[in-house]
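Q: this one's sequence-less:
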């Protein structure tokens, strides 16, 4: 279990890169969940030397709390520059908490086809699962009170850090 004051997003990214390298199958593709997961997938794509751009998914239209949250700013961010059908996909997100965002993102993904496999890679697993979802790669595991929110931030140079609210 990593202490909150020891969370170094750049160091965790280096571990995520190693983990994703091991998860990515030949002809596999990266898909990031808007927004933190998309930032990670974009940098992973480059650092792994993969051609093209990674996919980006918005989970907004498939959320089970859509009636309370409404349409968020990220609702129109799904961009999949490749076919999903039969692909081995590594789905990337910044923080895994309840599992509801991942469930919604997988539903969105299946709207575009049926992948051969989907593996989940996250920067931080903060526990608190409400759904049976588990990451294949999570460089850090932390505990936060339910009222706190951990999210990934990115500066103009592309360097990652965490924000806690």
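A: That came through, no problem. The model shown is predicted, which means the values in this text are computed figures rather than measured ones.
Q: does the closest residue to residue 155 other than its chain neighbours belong to a helix, a strand or coil?
A: Of all residues beyond its chain neighbours, the one nearest residue 155 is residue 161 (7.2 Å), with distances taken as Cβ to Cβ, 6 or more residues apart in numbering. No exception for glycine: its C-beta is placed from N, CA and C like everyone else's. Three-state call for residue 161 (DSSP: H, G, I helix; E, B strand; the rest coil): strand.
Q: may I have the beta-bridge partners of residue 161?
A: Residues in a beta bridge with residue 161, per DSSP bridges, are residue 153.
Q: so how many other residues sit close to it?
A: Applying other Cβ atoms under 10 Å, we find 12 residues neighbouring residue 161.
Q: tell me the centre residue of this structure?
A: Nearest to the mean C-alpha position of the chain, by Cα atoms, centre = their mean, lies residue 93 at 1.2 Å.
Q: thinking again about what came up before, thought the residue nearest to residue 155 was touching residue 153?
A: Yes - Residue 161 lies in contact with residue 153 (Cβ atoms under 8 Å); the separation is 5.0 Å.
Q: shared neighbours, those two?
A: Counting by Cβ atoms under 8 Å, 6 or more residues apart in numbering, the contacts common to residue 161 and residue 153 are residue 9.
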